[in-house]
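Enquirer: Here's my sequence, what's the structure:
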Amino acid sequence: MTKTRKPDSYWRDICLKYAQGQYHFSTGKRPGAKKWKKALEKIDACLLQSHSTKDLFGRSLRCSCGFHKSAIEKAHSEEWARQTIRYLSDCERHMKMATFVPTAAVYLPPPAFRPLPLAQWFETVHSNDILSHVDEMKGVITSTYGRILKMDSTKKITKKLAGGIGDSAAWMSNIGNEFGQVLNSVMTTGEGAGLEELCQGIVTRYKNAGQTEPEVVYVDRDCCSQSGVSSVAKLFHPWKSAVRLDSFHFMRRFNCGLTTEHHPLYGTFCGKLSSCIFEWDQEDVRRLKEAKRAEWKSSHSGHAPTEEQPPSAQGN
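Expert: Here you go, the predicted model:
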């Protein structure tokens, strides 16, 4: 019994729900006993509390607090009990319906409860399942192409690295297509390192698959050169694709002339600048309006929106 006059069973159930994300503590409602305070600290420090079962490199995360494992075992036992009750209920119903049958039906007892295997067993089964699909996954990953490529580098991903590899990389460079799919990535200790292998790997992939080279490659820097051939174009040799500065970093070049980004008209300036670069495709706008009108008709018994209807109903 804690100082709040709550039994240990109550706080154990609360911790299980908290580990599953089904319970949130309001201000001042956490347990006062050191035992359960320490338990909550373990849950917060557990890697599985982020509701992710894999780390950045696809390795399985293990529960260090014990409550996530307990939650799984509880769910397993509840599901077994639920299925057992359903089976016995069906047997009883069948027995009542078969009253006038001369031969009595024989019902097997429900399967006995079996505890969950160890975590190592689950990891082995999961690893074997992944290994059985390695060729398929490689084929899917290396069969991604695009006619417009975008190369960019970031530090955000490398900051998520933890443990012994926490300081092993400082930059992550990616090459994606016009659909937002990532074709290839590389982690390096400095910006610009490993880009030649990254780009030549994409060139080789296109060549082996018989794909035509992309029309344009967008970058965040080094798109131009006084000698006539940019350094990015050399990375994708022998492609003749155009190399252009992407629109976001093009707009950032104008922002460098501003004194602050906290000015009340900064958002308006960027919006106007964006409208000077982009324009609405009228064919896409027409299709969007038709889709919105069709959606309105399907939800209003086939009646088309009138001029008095709001613009959203008319597809404007």
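Enquirer: How are the strands of the stretch 151-300 of the chain distributed by residue range?
Expert: Secondary structure of the stretch 151-300 of the chain (DSSP state E, counting those that start in this stretch): strands located at 171-177, 182-188, 216-219, 242-245.
Enquirer: if you average pLDDT over the second one, what comes out?
Expert: Averaged across strand 182-188, pLDDT comes to 83.
Enquirer: ok, that strand: who's next to it in the sheet?
Expert: Counting by DSSP bridges, the strands paired with strand 182-188 are strand 171-177 (antiparallel).
Enquirer: Quick one: closest of the strands of the stretch 151-300 of the chain to residue 290.
Expert: Residue 290 lies closest to strand 171-177 among the strands of the stretch 151-300 of the chain, at 28.1 Å (CB to CB). Yep, even glycine has a C-beta here, placed from its N, CA and C like the rest.
Enquirer: got the buried residues for stretch 96-114?
Expert: Residues of stretch 96-114 include none that count as buried (16 or more other CB atoms under 10 Å).
Enquirer: Format the CA atom coordinates belonging to that stretch as CSV.
Expert: The C-alpha trace of stretch 96-114 is given here as CSV (Å, rounded to 0.1, in the frame of the first residue of the first chain):
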residue,chain,number,x,y,z
LYS,A,96,-28.1,-28.1,-27.4
MET,A,97,-28.9,-28.2,-31.1
ALA,A,98,-27.8,-31.9,-31.4
THR,A,99,-30.2,-33.1,-28.6
PHE,A,100,-32.2,-35.4,-30.9
VAL,A,101,-29.1,-36.9,-32.6
PRO,A,102,-28.7,-40.5,-31.5
THR,A,103,-24.9,-40.4,-31.5
ALA,A,104,-23.6,-38.0,-28.9
ALA,A,105,-21.0,-35.6,-30.2
VAL,A,106,-17.5,-35.7,-28.7
TYR,A,107,-15.8,-32.4,-27.9
LEU,A,108,-12.1,-32.1,-27.5
PRO,A,109,-10.9,-30.0,-24.6
PRO,A,110,-9.5,-26.6,-25.5
PRO,A,111,-5.8,-26.3,-26.0
ALA,A,112,-3.8,-25.7,-22.9
PHE,A,113,-2.3,-22.3,-22.2
ARG,A,114,1.2,-22.1,-23.5
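Enquirer: List the contacts of it.
Expert: 77, 80, 83, 84, 87, 88, 91, 94, 95 (CB atoms under 8 Å, 6 or more residues apart in numbering).
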